[in-house]
Every structure is written in structure tokens, then in C-alpha cells.
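Peer 1: I would like the atomic coordinates for the input below:
(one chain, ligands or ions: 1)
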Amino acid sequence: MAQYSRVSGNVGLITLQNPPVNALSAAVRQGIVDTVKRALGDPEVKSVVICGQNGVFCGGADIREFGTHMTGPPLVPMIHAIEMADKPVVAAIEGVALGGGLELALGCHYRIAHTKAKVGLPEVTLGLLPAAGGTQRLPRLTGLPAAIALITTGRQITTAEALKLSIVDQVTDYSAVDTAVKFAKSVAERSLDGRRVSERPCPCPPDVDALFEAAMQKVRQSARGAIAPVACVQALQAAATMPYALGMQREKELMATLFTSGQARALQYSFFAQRAVGRWSLPSGARWDGSKPRPIRKTAVIGLGTMGRGITVSLAQAGLSVIAVEAQEKPLKEAQQAISGMLQRGAKRRGGAPPLDLITYSANLQAVADVDLVIEAVFEDVALKKQLFQHLSAICKPEAFLCTNTSALDIDLLASQSRHPELVVGMHFFAPAHVMKLLEVVHGSRSSPEAVATAMNLGKQMGKVGVAVGNCHGFVGNRMLKPYLEQGLFLLEEGATPEMVDGALEEFGFAMGLFRMSDLSGIDVGWRVRKGEGLVQPGASVRVRQGRRYSPLGDLLYEQGRFGQKTGRGWYRYDNRHEAKPDPWLNNFLEDYRARHGLAARRIECQEVLERCLYTLINEGFRILEEGIAAGPEDIDVIYVLGYGWPKHRGGPMYYASMVGLIKVLERLEHYLRAHPDVPSLQPCSLLRRLVASGSPPIHKWRKIIKKTQSHL
Ligand SMILES: CCC/C=C/C(=O)SCCNC(=O)CCNC(=O)[C@H](O)C(C)(C)COP(=O)([O-])OP(=O)([O-])OC[C@H]1O[C@@H](n2cnc3c(N)ncnc32)[C@H](O)[C@@H]1OP(=O)([O-])[O-]
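Peer 2: The predicted structure follows:
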């Protein structure tokens, strides 16, 4: 767990050993205490180096221990003992030094890092704060502004940036361990005055109050309702205003308010859920560890609209060659300019040169004859896509994978146009495709495990979090969105306003309520989807379609040319493009509409908005699980947190249901179904009933129950 050796004559070398990231488990912490004691007690040893096994320094405290009974020596006194040592201790940082790992390094007297390593204090992303002295030591090195930015965002930075911020003392292209050993020898006799970070004052700018006021406003604004970022700012305020020992006390008190909070548990659930989805399995029994992905070198993107451009950028940034195809010369040129601009801006942010030379542009589909994998992102029209698949199947080499970015169309229908349906799979990206991390990998009934594995692996290469999902209308994300949006419209009919519905959802933690989101994505987009589903009857406003309650409000706005932000009017008014303002026109329109349909407006509480919108979305999630479209609740939660703005600190819709209590979700759905019997999405799913009947087990036990029920199907 921590190995000790004496190297280079008189340097004590301590190597953390806990693969894969040398997380600071109880055994590792005990190992550090023992080996530090041994090194400091060895008269032959004049200086000490701490490093990590396998080219990784340390990924932080062991998150798997959180929520369990913590044993082993605590981090704070352990790091304090290192800092107070009378021999120089040098941290050799390779790979990552994150969270408690970086805090361990900050307790050392020197930090030598590899140029390719990354450092950061990501605790806030887990609902915590750097409670091993990070909030008190970091600002003493970097100053308050940088410390606030790093600790409240949890951002990882390069060691070049860390050097500029005085977080590390030296960076090297060679082995950081060898460099650190040499450095340790060179400082063996040097005084440690000034090298103990906790003994330094915390530099305070003259406008420190304004700095913290702005910081607090920013975290309250950006991470709506999240408590950890606020506590991070408070801990940093202590560093600025109190002596170190009192600051440490304050850090400990603030951590105590976070450690057992529901938000921390939700964020830690999310952390592991995002890794669990990589261990995918299909109803056919195919699994991630039994399906070998084929390496992809040459790709093509067909259709260079917004999505196609983002996908092209993402592929090129992943180092893959891309043939970017657009049928007409003019849009092809426009796309080429747009893509080059996106790559140049990306290169400025990420460092390095923009990979412009990886992209070839063509108006001729024949150009893709030799690629390994094609992603089509043409207009969401089934006839157009079917025809394209026929052409691609004829043009591409027989082993090429044909992937579609469709957001809802039937993968099997598109696969049936190809001579090799087993090589057809959905790769549903989310706009903007070069930014959003979510990727739904949709397997059709004939998609081979190799095709799914290849698409999932390509997604990982592109920096995406891939979730393998089944083929149904809307797959997972968009399918669950439908009842959520539907309830929003019904609430308007019954007396709510867009700002009231959105206010409740944004108070819950969504970055954007459903009407603001509809205005952003375009009311015309929603209209086209409903038209494709045969739900739109222009001019009609009858409130029943296909035998169930239907609200034509979105269709009526579309017919009025109110598409949302793009036309300056939608559910809101936009005097400037992005600022949504309540529109008196809409209130009059709703009053007339209700009068016309004999609907009496009533007062609607926020709680009803949340229950009707969220519980119908959750109920659809249970249906998706029951049908095997998603393998587990984690898949759905990752999709909603990464792709639909579900507040991270609430874990995801299924996790939230487990926290609210399944029995409550069931009861409220039954309550609303009694009030609205013509809304089938309120009918509680039988899996939900089964889970409640089995005593509402914790979420990590649902898969077993689902498998059992499916095995009886
Ligand atoms: C209390 C005092 C204050 C201190 C608090 C803290 O330090 S809080 C912590 C602050 N630290 C952080 O927040 C860092 C969190 N970790 C990361 O950001 C990334 O894992 C990475 C950048 C370290 C490696 O990225 P990558 O894409 O190369 O790999 P990957 O992401 O796929 O992970 C590989 C495997 O390692 C696992 N695992 C990883 N870290 C931890 C951990 N700390 N613990 C346990 N396990 C951890 C991960 O689950 C996965 O396991 P699986 O699924 O194979 O069974």
C-alpha cells in the first residue's frame, strides 16, 4: 500500500501502491504514516521523495470508502506530520495529483511534476471540499483568486499552469521520480524555512471582500442549489481572515456539513454511475468485456449542419481523420469555415495546433469508399436517411460501420437498407456535439456486439460518456422528455404560466426550465417531431389525439410563427436573443384558449409542477428499464445528468426517485391519474409497483429485480 526503499544513497523513496489511481484508502494512509516515520527515523536518509506506482501519483481520497465506516489514520495529521518533518520531503507528481493526492503534495516541502501530469482539487464535484488542508494551503501558494477558481470548479490543470501558480516548483519531461530524487539530494542540507506552506501568510488583495462577494454570487448563480461550492468559498474566506489553525478548524466544520449530505451522496453515485455505463450489457447477453471493438482510423461525417459540424470537430480533436461530406458546394464551403473556426477556438483553449489537416471536405459521397466508419447527420427525415443508407452500403467497403446520429428514428429500419445491418448502430450525439459529453449508442436488433463495442470505444476516444441503449422511439433521453414536456403544456392549460413552470424547475436545480429550453431548441423543431408522429392537425385545436389528452398549444404557437429565440417570440419574448421575458401576448393567448375550451384556470403550486413533470419522466424511465431499453437506472441517470441538464447534485431522475421514496412517487402518480384519467403517462409502470411491493430496495439492487422479471418474460 506504500512501499519504502532507500535510493541514491540517502534518499528515502515512498511509493504509493493502490491501483489504478493510488487512491488514499485506509491501508495506503497507514502505509504512508509507517513509511514516513521510517524515513524520518533513518539516520542514513537525508531527504524523502513520495511518488505513486504505475506513473500515477494519487487520484485522491478513496471515494469507495465514503459512506462506509472510515478506518485508518486521517489525512490531516498525516499531512501535517510530513510538513513538520525536519528532512525535506519532495512530491514526485506523474499522471494525476487530485483531491487528497494534491493536498498530500501540498504538505510536502517541494513538488516536482511531469509536464504531462494534471493536478486539481475536484472535491466540489463530489459534493465535498478539499478537507485535508487544501482550502488553507492552496491560496497561500496561488493567491485567493486562483484558489477560488480552482476549488469552486474542481477543474484539473496542466502542470505548466500549476508552475505558473506556484503549485509545483519544477516540471520535467523526464521521469518526475528520478528528477525528484536528484532534487531531494540537492536540497538535503537546505533549511526548510519558507517551505512549509501552512506557515506562509495567505496573500489578500485589497478588495478581498468584493472578491468573496463576487465568488459567492457566482457559485450561487452557476451551481443552483448546490451546497458544496458555497462551503468552498466559506473555507477560503477562513484562509483569508483567520490564522492557519483556525482556518483548518473552519475547513473541518464545513466539511462535516457536506460529508453526509444527500448532495454528496448523489454526486458520488453519479461519479460511479458514469463509470458503470462503460460496463454495458445488452438484452441479447452481449457485454462490454466479451465484445472486442474494431480500431477506427478513417471516419466520415455525412451532412454538415450544426450536428455534423460538431461531430466532425470532435472526431478531429480525437486525432481521427475525417472526410466531411455535404452534397452542395455552398453549404460545404460554409461548413468548412465554421469547422475550421471551431477547431481554432478549441486549440486556443486546449493548447496545441488545430487539427485542420485531419479533415477532407467533399461534395461527393464516393469519397467515403475507404473509411472504417461513417456517421450520418443529415436532416431528420426518414426517407432521406433510408436512401443515404442504401447509397452508403453500396459505396463503402463491406466491413465499414454505418452509424446514424438520428435522435429518434428506427435504427432497424435504417439498418434494413444496408447489406450489412449488423454493422449499423446509432450514435446519438447532443448539441453542441463537440462540447456535450453524452453519447447514446443505440443498438438495433441486428447490431453486432462488435458494432456496439466499436461505437462505445469511439465515443470514449472522442471524450464522450457513451451509454448503450435499445432501439425505440426517442431511445432513452428524448423518450423520457416527452411526458415531461406534455405535463408542462397541460399545466399551462390548467392555469400555470411558462415562467411559473420554469421557475419551479429551475429552483429544483435545472439550468433551464422546459419552456425556456423549448424556446432555445425551437418550437418548430418540436412541431416537426410531432408532425412526424402524426399528431399535428394544422388549424385544429382539438385536445385529443390517438385517444389520449393532447395539448395543441405548441402547434398553435408554431402556426403563429412563434418559434422561440430564433424568431424573438415563443413562450417568452426576446428583446435581446437570450433574455427570456414573460410576454403579455402569451397570457392573453392562454386566457382565450382556456375560455375557448371551457378550462377554468386554477392556482397551481410549485410542488404539483415538480411532481407532474418529474414523476411522469421517472415513470417513463421505469418503463424503459422494464423493456430493457436501458440496462440499469445508472444508464438513465447518466443520460439525464449529462444530456438534459438534470441537476448533478440530485444524482439523476432514478436516483432522485429512490431518494424521494418509490412509494411516494407511486402514490402521487396514482393521485394525478385519478385527476387526469386521459393521460396514460401518469399510469404507474408495473416495474415501479413491483419495486414498491418488494419494499423499495436501494437503487443498486434494482438491476437484479429487473433481470428476474425479464427472465420470466
Ligand atoms: C477527505 C479529505 C479531502 C479529500 C477528498 C478527496 O480526495 S475526494 C476524491 C478526489 N479525487 C477525485 O475526485 C478524482 C476522481 N477520479 C478521476 O477524476 C479519474 O478517475 C482520474 C482522472 C483519476 C482517472 O481517470 P481515468 O479516465 O483514467 O479512469 P477512471 O475515471 O475510469 O477511473 C479508473 C478507476 O479508478 C476509480 N477511481 C478513480 N478515482 C478514484 C478515487 N479517488 N477513489 C476511488 N476510486 C477511484 C474509478 O472508479 C475507476 O474504477 P473502475 O470503474 O475501473 O472500477
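Peer 1: ok, and the helix or strand in this structure with the lowest average confidence?
Peer 2: helix 702-711 (a mean of 80; mean pLDDT, DSSP states H and E).
Peer 1: Spell out the residue ranges of the strands in the stretch 451-600 of the chain.
Peer 2: 465-470, 544-545, 548-549 (DSSP state E, counting those that start in this stretch).
Peer 1: any chance of the ones you listed in CSV, plus mean neighbour count?
Peer 2: Using the backbone N, CA and C atoms, a C-beta is placed for each residue, glycine as well. What follows is the strands of the stretch 451-600 of the chain, written out as CSV (neighbours: other C-beta atoms under 10 Å):
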stretch, mean neighbour count
strand 465-470, 25
strand 544-545, 13
strand 548-549, 14
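Peer 1: And those: which comes nearest Pro698?
Peer 2: strand 465-470 (21.4 Å; C-beta to C-beta).
Peer 1: mean confidence score for that closest one?
Peer 2: Averaging pLDDT along strand 465-470 gives 97.
Peer 1: anything in that strand near the ligand?
Peer 2: No - in terms of C-beta under 6 Å from any ligand atom, no part of strand 465-470 sits within range of the ligand; the closest distance is 10.3 Å.
Peer 1: any idea how far Thr497 lies from the ligand?
Peer 2: 41 Å (C-beta to the nearest ligand atom, to the nearest Å).
Peer 1: related to what we said a few turns ago, okay, buried residues for the least confident helix or strand of the chain please.
Peer 2: Trp702, Arg703, Ile706 (16 or more other C-beta atoms under 10 Å).
Peer 1: The first one touches Leu691, doesn't it?
Peer 2: Yes - using C-beta atoms under 8 Å, Trp702 is in contact with Leu691, at 6.6 Å.
Peer 1: how about the residues of this protein near the ligand?
Peer 2: 20-21, 23, 59-64, 75, 96, 98-100, 122-123, 126, 128, 130-132, 275.
Peer 1: quick one: low-confidence parts of the stretch 301-450 of the chain?
Peer 2: Residue ranges of the stretch 301-450 of the chain with pLDDT under 70: none are present.
Peer 1: How about the chain?
Peer 2: Residues of the chain that meet the cut-off, pLDDT under 70, sit at 539-541, 709-713.
Peer 1: Report how many residues lie close to the closest residue to Phe212 other than its chain neighbours.
Peer 2: In this structure, Phe212 finds its nearest non-sequential neighbour in Gln237, 5.4 Å apart by C-beta to C-beta, 6 or more residues apart in numbering. Gln237 is flanked by 21 other residues according to other C-beta atoms under 10 Å.
Peer 1: Okay, the most centrally placed residue in the chain and Val124: tell me how far apart.
Peer 2: The centroid of the chain falls nearest to Leu642 when counting by C-alpha atoms, centre = their mean (4.1 Å). Separation of Leu642 from Val124 (C-beta to C-beta, to the nearest Å) stands at 18 Å.
Peer 1: Please enumerate the helices of the stretch 551-700 of the chain.
Peer 2: 553-559, 584-596, 606-626, 633-643, 653-660, 662-675, 686-693 (DSSP state H, counting those that start in this stretch).
Peer 1: out of the ones you listed, deepest packed?
Peer 2: helix 633-643 (a mean of 27; mean count of other C-beta atoms under 10 Å).
Peer 1: Which strands or helices does it pack on?
Peer 2: helix 262-276, strand 438-443, strand 465-470, helix 477-493, helix 606-626, helix 653-660 (3 or more C-beta pairs under 8 Å, 6 or more residues apart in numbering; DSSP states H and E).
Peer 1: Assign a three-state SS to the residue nearest to Phe212, would you?
Peer 2: helix (DSSP: H, G, I helix; E, B strand; the rest coil).
Peer 1: and if you look at Tyr361?
Peer 2: strand.
Peer 1: Please name the residues that touch it.
Peer 2: Applying C-beta atoms under 8 Å, 6 or more residues apart in numbering to Tyr361 gives the contacts Ile323, Ala324, Val325, Glu326, Leu332, Ala335, Gln336.
Peer 1: next one: Phe389
Peer 2: Going by C-beta under 8 Å, 6+ apart, the list of residues near Phe389 reads Glu376, Leu402, Thr404, Leu414, Ala415, Gln417, Ser418, Val424.
Peer 1: Pro205 and Leu211 touch, don't they?
Peer 2: Yes - counting by C-beta under 8 Å, Pro205 touches Leu211, with 6.1 Å between them.
Peer 1: before we move on, back to that, in strands, which of the contacts of Phe389 appear?
Peer 2: Within the contacts of Phe389, residues falling in strands by DSSP state E are Glu376, Leu402, Thr404, Val424.
Peer 1: nearest residue to Lys386 other than its sequence neighbours?
Peer 2: Gln417 (5.0 Å).
Peer 1: thinking again about what came up before, quickly note the distance from the residue nearest to Phe212 to Leu102.
Peer 2: Distance from Gln237 to Leu102, by C-beta to C-beta: 21 Å.
Peer 1: Ok, Val21 next?
Peer 2: Following C-beta to C-beta, the distance that separates Val21 from Leu102 is 13 Å.
Peer 1: picking up where we left off before, the contacts of Tyr361 in strands, which ones?
Peer 2: Mapping those onto strands (DSSP E) picks out Ile323, Ala324, Val325.
Peer 1: Switch those over to JSON lines; also include neighbour count.
Peer 2: Formatted as JSON lines, the ones in strands among the contacts of Tyr361 follow (neighbours: other C-beta under 10 Å):
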{"residue": "Ile323", "neighbour count": "22"}
{"residue": "Ala324", "neighbour count": "27"}
{"residue": "Val325", "neighbour count": "26"}
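Peer 1: Quick check: phi and psi on Arg38?
Peer 2: phi -60, psi -40 (degrees, to the nearest 10).
Peer 1: wait, doesn't it sit right on Gly12?
Peer 2: Yes - shown here, Arg38 and Gly12 form a contact pair, counting by C-beta under 8 Å, at 7.4 Å.
Peer 1: More neighbours: which of these two?
Peer 2: Gly12 (25 against 15).
Peer 1: was I right about that one contacting Val49?
Peer 2: Yes - with contacts defined as C-beta under 8 Å, Gly12 counts as touching Val49 at a distance of 7.3 Å.
Peer 1: Which neighbours do those two have in common?
Peer 2: By C-beta under 8 Å, 6+ apart, no residue touches both Gly12 and Val49.
Peer 1: re the thing from before, what's the farthest-apart pair in the contacts of Phe389?
Peer 2: Glu376 and Ala415, at 12.4 Å, using C-beta to C-beta across those.
Peer 1: With distance to Gln344 as added columns, please give the helices of the stretch 551-700 of the chain in CSV.
Peer 2: CSV is the format used below for those (distance: least, C-beta to C-beta, whole Å):
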stretch, distance to Gln344
helix 553-559, 37
helix 584-596, 41
helix 606-626, 39
helix 633-643, 26
helix 653-660, 38
helix 662-675, 48
helix 686-693, 49
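Peer 1: Out of the residues of the chain next to the ligand, name the ones that lie in strands.
Peer 2: Val96, Leu98.
Peer 1: which residues sit in contact with the residue nearest to Lys386?
Peer 2: Going by C-beta under 8 Å, 6+ apart, the list of residues near Gln417 reads Lys386, Gln387, Phe389, Gln390, Ser393.
Peer 1: What of Thr68?
Peer 2: So Thr68 contacts nothing (C-beta under 8 Å, 6+ apart).
Peer 1: Now do the SS call for it.
Peer 2: Once three-state DSSP is applied, Thr68 turns out coil.
Peer 1: How much space separates it from Thr260?
Peer 2: Distance from Thr68 to Thr260, counting by C-beta to C-beta: 12 Å.
Peer 1: Any figure for the gap between the residue in the stretch 451-600 of the chain that the ligand sits nearest to and Gly278?
Peer 2: Going by C-beta to the nearest ligand atom, the ligand is nearest to Lys460 of the stretch 451-600 of the chain, at 8.8 Å. Taking C-beta to C-beta as the criterion, Lys460 is separated from Gly278 by 7 Å.
Peer 1: got any residues that touch both of those two?
Peer 2: By C-beta under 8 Å, 6+ apart, the residues touching both Lys460 and Gly278 are Gly466.
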